[in-house]
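**Q** next come a sequence and a model predicted from it.
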Amino acid sequence: MSISPGHMAAWVVLGLSLNCPSSRAGDYPFSFKDVGNEAGIFPHAGGMRGHAAAWGDADNDGWPDLFIGTFHNAGSKPSVFLLNHRGKFTPSPQANLQTSGIGSGALFLDLNNSGRLDLYVSNCAHASEGVAAAPSLLFRNDGQGKFTDVSPQSGACPPAYSGRGLAALDFDGDGLLDLLACEQYYSSKVKTGAALYRNLGNHRFVNVAAQVGLPPGLGGLSVAAADVNLDGWPDIFLTSGVGDHRLLLNDGKGKFKEAPGAREVFQWKGLGKEDAPAGVCMADLNRDFLPDIVIGQHFKSPWTTPAPVRVYLNRGVKDGAPSFEEITLAAGLKPLAMKAPHVEIQDFDNDGWPDIYVSIVKFKEGKPCPVIFKGLGVEKGVPRFRDDAWGVNDFPMADDLATKRSGPFFEKMLREKKIIYMAAAPAGDFNRDGKLDIFLANWWIESRSLLLQNETAGGNWLDIRVEGKEGVNRMGIGTRINLYQVGKMGEAAALLGSREIAIGFGYCSGQEARAHFGLGQEKSVDVEVILPHGKGQLQKRGVKAGQMLTIQP
């Protein structure tokens, strides 16, 4: 069996179709159930080398559908598009969405403000393991989730680009969403580096990376966009395969410049040949309005030398430039002995404090426990987390399991479907119960992907989406939402959460354009909406918890 250098698997015994135990003192505090069978994910999501996944309501029925992109090579299925009917999934009959190639990322996004979500699939356009050198793909949504391939004329699907991570942003403030992509560093030679496809309208794009100041030739695995200095314009974070990360600030005039001192702060030193930083997520961890940054790891052998995902706290902005500090160990994020490429900052127990989730699933008594660092609040300005999941089944790793990639023992593990490596793993509320669920795409053909339904007994919640107009993209991407205790609008001490509407963060994953907030015991909140590019602000007071609120400026 052939294994690409960038995908030597992490290992764990796989348990299926059971929920994790309820929280007790010193026990795992979350409860998840694998519902892949009963929700209809299987058998359609079986037998595939999954590496991309995206949530999005493609047919506008109010329920998020799921696209799973694959490394379509010997033995693997092509990509699959699953339609969500009130929490039950069925495969779409559209043959053109059964894409081939090295599917390395996906996003559902409205590119022409039509109210319909188009689909972009990032492919690594180089031959490997018998996979065709297929370029990325763009599908236009013609209504009710019927898609037309517009890739050849789009300008966003060049033939030789080894695409990996994706993010959506309106970098120039024209009201149209642009596409940010990175070129994987595993290629023998990075030809282009990060690409920024400016939206010209009518599903046509042009790569303006060089003109706007993106560094040429920087190969990496992920990108993300967020307004880190709160000036109303989206900034860009580019991970580097060799640890030379870049934070680029938007000048509000269509150009980017590197944030002063940021390269030194974010530098990952001493990386091995196959050790690589991976996914990146930006969101406020400590309720100070400022987006912080978490970066995942894609190390070759973390079971030999455990490596943490890293956390960088935004310490404030001076003269338009943010200052970051690494707080990984101080925050309580310990080294992990498995690959953890995908990262998200989300509140999975709705207690009001964001958690940090990584794409590892551990098991207790055969029951799935995704590795979620539970948010504990703030101590002396530093957000604190607890790593309950990592220790739930700390079984020893035999030398055969940790170091060998062939032989009878290895083949036995494959046959028994006890090997998992999860790349794309986006969170999303697929059953609309106000709790964030998780889909994890398994890269091993022989092993099972997971649809984990969140059954944690948590607090109240509020989901917010924004329908932009008059120069703001229809999805509201780039809009910042601040929640306050009732009657205390604008008071920093009363801030309950701050989140920017974003999609395409973490690793090879696409999320819905919603801001999810856990509220703990709060039954109502005051909501402040700050539109991007200085397009204005809105306030809603006394908003009741337990709803999915759509705001139309």
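**A** The structure has been received and is ready for your questions.
**Q** count of neighbours near residue 319?
**A** Per other CB atoms under 10 Å, the neighbour tally for residue 319 reads 6. The way it works is simple: take the backbone N, C-alpha and C, and place the C-beta from them, glycine included.
**Q** report the separation between it and residue 259.
**A** Plainly put, residue 319 is 11 Å away from residue 259 if you go by CB to CB, to the nearest Å.
**Q** which pLDDT value goes with residue 274?
**A** As summarised for this prediction, residue 274 has a pLDDT of 83.
**Q** I'd say it and residue 300 touch.
**A** Yes: between residue 274 and residue 300 a contact is recorded at 3.6 Å, counting by CB atoms under 8 Å.
**Q** between those two, point out the one with more neighbours.
**A** When residue 274 is set against residue 300 and neighbours are counted by other CB under 10 Å, the residue ahead is residue 300, at 18 against 15.
**Q** element containing that one, please.
**A** Taking DSSP states H and E as the definition, residue 300 sits outside all helices and strands.
**Q** that one and residue 271 touch, don't they?
**A** No: Residue 300 lies out of contact with residue 271 (CB under 8 Å); the separation is 9.8 Å.
**Q** next, the nearest residue to residue 385 once chain neighbours are set aside: phi, psi?
**A** Nearest in space to residue 385, with sequence neighbours left out and distances taken as CB to CB, 6 or more residues apart in numbering, is residue 373 at 3.8 Å. The phi/psi pair for residue 373 (degrees, to the nearest 10) reads phi -80, psi 110.
**Q** quick one: contacts for residue 61?
**A** Residue 61 makes contacts with 84, 85, as judged by CB atoms under 8 Å, 6 or more residues apart in numbering.
**Q** distance check, it against residue 525.
**A** In this structure, residue 61 and residue 525 are 28 Å apart, going by CB to CB.
**Q** same check on residue 490?
**A** Relative to residue 525, residue 490 is positioned 13 Å away (criterion: CB to CB).
**Q** surely residue 390 is in a helix?
**A** Yes: assignment of residue 390 by DSSP: H, G, I helix; E, B strand; the rest coil places it within a helix.
**Q** which SSE is the nearest residue to it once chain neighbours are set aside in?
**A** Nearest residue to residue 390 in three dimensions, chain neighbours excluded: residue 371, at 5.9 Å (CB to CB, 6+ apart). Taking DSSP H and E as the criterion, residue 371 maps to strand 367-379.
**Q** for that strand, which helices and strands make contact with it?
**A** Judged by 3 or more CB pairs under 8 Å, 6 or more residues apart in numbering; DSSP states H and E, strand 367-379 is in contact with strand 32-34, strand 355-364, strand 382-386, strand 450-454.
**Q** how far off centre is the first one?
**A** The one in question is strand 32-34. A distance of 20 Å separates the centroid of the chain from that of strand 32-34, by CA atoms, centre = their mean, to the nearest Å.
**Q** looking at this, residue 330 is in a helix?
**A** Yes: the assignment for residue 330 is a helix, going by three-state DSSP.
**Q** grab the nearest non-local neighbour of it.
**A** Leaving aside its chain neighbours, residue 330 sits nearest to residue 382 (5.5 Å; criterion: CB to CB, 6+ apart).
**Q** isn't that neighbour right next to residue 331, touching?
**A** Yes: in this structure, residue 382 sits in contact with residue 331. The criterion is CB under 8 Å, and the distance is 6.1 Å.
**Q** neighbour-wise, which of those two wins?
**A** Regarding residue 382 and residue 331, a neighbour count based on other CB under 10 Å identifies residue 331 as having more, with 25 against 15.
**Q** got the angle for the strand holding residue 371 vs strand 382-386?
**A** On the basis of axes from the mean of the first three to the mean of the last three CA atoms, to 10 degrees, strand 367-379 is oriented at 150 degrees to strand 382-386.
**Q** partner strands of strand 367-379, with direction?
**A** Strand partners for strand 367-379, identified by DSSP bridges, are recorded as strand 355-364 (antiparallel), strand 382-386 (antiparallel).
**Q** sorry, back to before: the residue nearest to residue 385 touches residue 360, doesn't it?
**A** No: the pair residue 373 and residue 360 fails to qualify as a contact (CB under 8 Å) at a distance of 11.0 Å.
**Q** any stretches of the stretch 101-250 of the chain with poor pLDDT?
**A** Residues of the stretch 101-250 of the chain that meet the criterion pLDDT under 70 lie in 127-132, 187-190.
**Q** show me where it has strands.
**A** 103-109, 118-123, 137-141, 147-149, 163-169, 178-183, 195-201, 204-207, 223-226, 235-238, 246-250 (DSSP state E, counting those that start in this stretch).
**Q** quick one: closest of those to residue 521.
**A** For the strands of the stretch 101-250 of the chain, the distance to residue 521 is smallest for strand 223-226, at 28.7 Å, taking CB to CB.
**Q** what's the angle from the helix or strand encompassing residue 55 to strand 137-141?
**A** Assigned by DSSP H and E, residue 55 belongs to strand 50-56. Taking the same axes, to 10 degrees, strand 50-56 and strand 137-141 form an angle of 20 degrees between their directions.
**Q** buried residues, strand 50-56. List them.
**A** 50, 51, 52, 53, 54, 55, 56 (16 or more other CB atoms under 10 Å).
**Q** show me what the helix or strand that that strand is followed by is packed against.
**A** The helix or strand immediately downstream of strand 50-56 is strand 65-70, counting by DSSP H and E. Applying 3+ CB pairs under 8 Å, 6+ apart, one finds that strand 65-70 makes contact with strand 50-56, strand 80-85, strand 103-109, strand 118-123.
**Q** could I get those strands in CSV, plus columns for distance to residue 296?
**A** As requested, the helices and strands packed on strand 65-70 are exported to CSV (distance: least, CB to CB, whole Å):
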stretch, distance to residue 296
strand 50-56, 14
strand 80-85, 25
strand 103-109, 14
strand 118-123, 17
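**Q** just to revisit the earlier point, what's the distance between the residue nearest to residue 390 and residue 30?
**A** With the distance defined as CB to CB, residue 371 ends up 10 Å from residue 30.
**Q** more crowded one of these two?
**A** With other CB under 10 Å as the criterion, residue 371 and residue 30 differ in neighbour count, and residue 30 comes out ahead with 26 against 20.
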